[in-house]
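>>> Got a sequence here, can you build the structure:
(4 chains)
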2 protein chains.
Amino acid sequence: MASTMKDLAQKTGLGLATISKYFNGGTVREKNRILIENAVQELHFIPNEVARSLKTHRSHVIGVIIPELSNAFITSIISAMEDLLRRKNYAVIVCDCRSDARREKEAVDFLLNRRVDGLINMPTDPTGAHLKSALDAQIPIVLVDRHIPALDDRVSTVVIDNVRASERAIQELLKAGHRRIGLVLGNPGLYTTDCRLQGYLNSLKAAGIECNPDYIRYGNYTMDGGYQAVQELMQSERPITALFITNFEMTLGGMLALQHMNIRVPEDLSVIGFDKLEMFGNIFPHLTLIHQPQVSIGHECAKLILDMLSGQSSPRTVSLSTQLSEGTSVRTIVPSD
Amino acid sequence: MASTMKDLAQKTGLGLATISKYFNGGTVREKNRILIENAVQELHFIPNEVARSLKTHRSHVIGVIIPELSNAFITSIISAMEDLLRRKNYAVIVCDCRSDARREKEAVDFLLNRRVDGLINMPTDPTGAHLKSALDAQIPIVLVDRHIPALDDRVSTVVIDNVRASERAIQELLKAGHRRIGLVLGNPGLYTTDCRLQGYLNSLKAAGIECNPDYIRYGNYTMDGGYQAVQELMQSERPITALFITNFEMTLGGMLALQHMNIRVPEDLSVIGFDKLEMFGNIFPHLTLIHQPQVSIGHECAKLILDMLSGQSSPRTVSLSTQLSEGTSVRTIVPSD
DNA sequence: TTGAAAGCGCTAACAC
DNA sequence: GTGTTAGCGCTTTCAA
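Residues are numbered from 1 along each chain as shown, chains lettered A, B, ... in the order given. Now for the predicted structure:
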């Protein structure tokens, strides 16, 4: 059995309150401090966070619910937030709900019953219904990478400027003279998918170009999906001259498809990809891409929840900006129509 | 403030013990059951796991310490173990120590002070020194993917048959007539690296072939590393005719390098890769590869820790077998020397 | 600065 | 089957 503060009190002859104060940064007489520190050594004392939680009604645990742990974008965000939170002595319980709304709801209840102090969630259920009990429990909630407008006044949200990012990429291609621009999107209906489509449409419209629905494919944010989408796009009779792919997995799949089809980038096709992920290093050094600041996203989530936890800062939405990282995968051409 | 069992007792007119028993699967009179259930509804009661933990000395939390969260192999294992553990009402606190031994030690202390019931760890510190306090605290420990012989009688271990897997892959290449076989390894000194090298050497020796150190490269288990390793290997004057790459990231990088160098697989080079990860779908459908059962690894870890937690099953080492998944990336040739 | 004592929400004897 | 009660290890008044 691990030793307790009572043991320390006995050993040092001090009172429980003094010991407790020592551990909570209170002032303790020098000789008592030494007494306590020695006893801690001898007894291998480790404060019991569980007991502390019960007393203070603060578990110092943040629940994180995500659609999928096996996703490099998500894990790089979690890594960053976990890092910052742990430094503040907060633990993170991660629940992977496999993009299943039922599981997501279960995760909320599971975490609530663990008395987490707050929730960070990349929602699967776009209605936000799964969050009801957490809202009732009045704990701070931060949404990541998806926006649920109906919840705006009750939860904080961290997103990137999806529409802007997409507009920007398409502008870049337009500027280089491209008119037939392909777009590979994620799952239809998803927040980021809709935003990125919107940006595409905005930029085309601003340039007075009519959108050809044949140039738009849904690759479900997977590598296979990207591979297939790009393959299909390139089989058309009057193929695109440029392509924007809207997440990392699909970019990877798409680039492989191009290689297999012997389509050179940028000679035969200009490409703008998405995301730069640490684990993949410099996989396509020449690729122009939209870069989401995963680390900032993670840190922002952590900061927001910490803020809400301490000085009742009210819910707000933070939109982080992406960057266009220029490579050499966009070729300037003379518009052919 | 959330409601407590006391509130339920008051509301129903029952005693605390009855309420408690109800929640712990004891028998309660039918009409009381209904009474309680109604009160639970009305008061939005959620049992407080923190209080329960304090009383029972069981936190129902398992700590997981890994070198890197941004690693597809690791997350697929964690996903699987988390899934199984949560079903048993165990939460998982994940600590990413960034392959840093100091951080790893800190993570152990952090988790101990949270009173985790057990620890699952893919160790960064090969000596296992970081586990001392956890061993002192007598909590069950499961090591994953790395073996620390000195700890064998105190912790359980889940690994794959690394040596066997490597032997098998090389045998396959030898059988197809290859004599000059390249090997791309991970970080020197790492358990899996050593094992996979050993398997390579074993198979060569058994075939009476002398090992050429020029054919062995270290790609640090990264995509960039794999890319470079393969590039270097192929630049030699008398290049290899076959290649075994020993993890997923390096396989990905290596395959890209080959494509960039216009080296065809298997016409110009036979290749056996490593790992099949869900998130990447069928990225190289034709590639022959060694497949590690990530889901089984995760489940095995969960089962082992659960076993140790309940019936004092003593520490044991489980070695899971890999499979050679045959593609068409190995070509049979006539040995040229 | 220090100590005594109450109590956080729950479980588990124990007696009924 | 149910109720009473003592405490799990800690924080936090309050008084000394």
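>>> only C-alpha atoms for contact and neighbour calcs from this point on.
Fine.
>>> ok, which stretches of the stretch 151-300 of chain A are helices?
All helices of the stretch 151-300 of chain A, identified by DSSP state H, counting those that start in this stretch, fall at A:162-175, A:191-206, A:223-234, A:248-260, A:294-309.
>>> What's the mean pLDDT across the first one?
Averaged across helix A:162-175, pLDDT comes to 98.
>>> now the fourth one
For helix A:248-260, the mean pLDDT works out to 92.
>>> Now do that helix against helix A:223-234: the angle between them, please.
Interaxial angle, helix A:248-260 versus helix A:223-234 (axes from the mean of the first three to the mean of the last three CA atoms, to 10 degrees): 50 degrees.
>>> what's the answer for the last one, then?
If you take the same axes, to 10 degrees, helix A:294-309 sits at 130 degrees to helix A:223-234.
>>> So what touches helix A:294-309?
Residues outside helix A:294-309 that contact it (CA atoms under 8 Å, 6 or more residues apart in numbering or on different chains): A:73, A:76-82, A:84-85, A:117-120, A:140-142, A:144, A:156-159, A:313-315, A:320.
>>> got it, and the first one?
Helix A:162-175 has contacts (CA under 8 Å, 6+ apart) with A:181, A:192, A:195-200, A:202-204, A:207, A:242, A:244, A:270, A:272, A:289-290, A:321-324, A:330, A:332.
>>> Filter the contacts of helix A:294-309 down to the ones in strands?
Among these, the ones falling in strands (DSSP state E) are A:118-120, A:141-142, A:144, A:156-159, A:320.
>>> What are the phi and psi values at the residue nearest to A:R114 when sequence neighbours are not counted?
Leaving aside its sequence neighbours, A:R114 sits nearest to B:E49 (CA to CA, 6 or more residues apart in numbering or on different chains; 5.2 Å). Torsion angles at B:E49 (phi, psi; degrees, to the nearest 10) stand at phi -70, psi -30.
>>> domains of chain A?
Per the record, chain A has its domains at A:5-47, A:56-160+A:293-320, A:162-292, by automatic domain parsing.
>>> distance between the last one and the chain's centre?
It refers to domain A:162-292. Domain A:162-292 sits 21 Å away from the centroid of its parent chain (CA atoms, centre = their mean, to the nearest Å).
>>> thinking again about what came up before, nearest to DNA strand C, out of the ones in strands among the contacts of helix A:294-309: which one, please.
Proximity to DNA strand C was ranked across the ones in strands among the contacts of helix A:294-309 by CA to the nearest atom of the strand; first place goes to A:G118, at 17.3 Å.
>>> Looks like that closest one contacts A:P140 (just checking).
Yes - A:G118 lies in contact with A:P140 (CA atoms under 8 Å); the separation is 4.9 Å.
>>> Bridged to A:V142, which residues?
A:I120, A:S156 (DSSP bridges).
>>> That one: neighbour count?
A:V142: 24 surrounding residues under other CA atoms under 10 Å in any protein chain shown.
>>> which residues does it contact?
Taking CA under 8 Å, 6+ apart as the test, what A:V142 contacts is A:119-121, A:155-158, A:301, A:304-305.
>>> redo that, cut-off 7 Å
A:V142 sits next to A:119-121, A:155-157, A:301, A:305 when contact means CA atoms under 7 Å, 6 or more residues apart in numbering or on different chains.
>>> Which residue does the stretch 101-250 of chain A have closest to DNA strand C?
Taking CA to the nearest atom of the strand, the stretch 101-250 of chain A has A:N113 as its residue nearest DNA strand C, at 8.8 Å.
>>> just to revisit the earlier point, same list, the ones in strands among the contacts of helix A:294-309, but only the ones touching DNA strand D.
Of the residues in those, proximity to DNA strand D by CA under 7 Å from any atom of the strand holds for none.
>>> pLDDT weak spots in chain A?
For chain A, the stretches flagged by pLDDT under 70 are A:1, A:312, A:336-337.
>>> Point out the residues in it that sit beside chain B.
A:46-51, A:54, A:69-72, A:75-76, A:79, A:91-94, A:96, A:113-115, A:223-224, A:279-283 (CA under 7 Å from any CA of the partner chain).
>>> let's see 6 Å
A:46, A:48-49, A:51, A:54, A:70, A:75-76, A:92-93, A:113-114, A:223-224, A:280-281 (CA under 6 Å from any CA of the partner chain).
>>> now these: which count as buried?
Buried members of the residues of chain A next to chain B, counted by 16 or more other CA atoms under 10 Å in any protein chain shown: A:46, A:48-49, A:51, A:54, A:70, A:75-76, A:92-93, A:114, A:223-224, A:280.
>>> What are the neighbouring residues in contact with A:A150?
By CA atoms under 6 Å, 6 or more residues apart in numbering or on different chains, the contact set of A:A150 is empty.
>>> Would you mind listing what in the stretch 51-200 of chain A touches DNA strand C?
A:51, A:54-55.
>>> how about a markdown table for these, with secondary structure and distance to B:D136 added?
Listed next are these as a markdown table, based on DSSP: H, G, I helix; E, B strand; the rest coil; distance: CA to CA, whole Å:
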| residue | secondary structure | distance to B:D136 |
| --- | --- | --- |
| A:A51 | helix | 21 |
| A:L54 | helix | 25 |
| A:K55 | helix | 27 |
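>>> can you narrow these to ones near DNA strand D?
A:51, A:54-55.
>>> Let me know the closest of the ones in strands among the contacts of helix A:294-309 to A:A129.
A:A129 has its nearest neighbour among the ones in strands among the contacts of helix A:294-309 in A:I141, at 13.3 Å by CA to CA.
>>> Could you measure from that closest one over to DNA strand D?
For A:I141, the distance to DNA strand D (CA to the nearest atom of the strand, to the nearest Å) stands at 23 Å.
>>> Next: A:I62.
From A:I62 across to DNA strand D, the span is 19 Å (CA to the nearest atom of the strand).
>>> Bridged to that residue, which residues?
A:V92, A:G118.
>>> ok, now which ones touch it?
A:92, A:116-119.
>>> Enumerate the residues of chain A near DNA strand D.
So chain A meets DNA strand D at A:1-6, A:16-18, A:20-21, A:23-24, A:46-49, A:51-52, A:54-56 (CA under 7 Å from any atom of the strand).
>>> Among these, name the buried ones.
A:5, A:18, A:46-49, A:51-52, A:54.
>>> Determine which two of these are furthest apart.
Going by CA to CA, the pair spanning those furthest: A:T18 and A:L54, at 19.7 Å.
>>> what's the burial count for the nearest residue to A:K276 once chain neighbours are set aside?
Spatial nearest neighbour of A:K276, chain neighbours left out: A:H291 (6.0 Å); criterion: CA to CA, 6+ apart. By other CA under 10 Å, 19 other residues sit near A:H291.
>>> Who are the contact partners of A:H291?
Counting by CA under 6 Å, 6+ apart, A:H291 has contacts A:275-276, A:322-323.
>>> Can you tell me how far A:Y227 is from A:P188?
17 Å (CA to CA, to the nearest Å).
>>> go on, A:Q292?
Counting by CA to CA - A:Q292 and A:P188 are separated by 21 Å.
>>> more neighbours, these two?
Taking other CA under 10 Å, A:Q292 and A:P188 do not tie; A:Q292 has more neighbours (24 against 14).
>>> Hmm, the more buried one is touching A:L324, no?
No - using CA atoms under 6 Å, A:Q292 makes no contact with A:L324, being 9.1 Å away.
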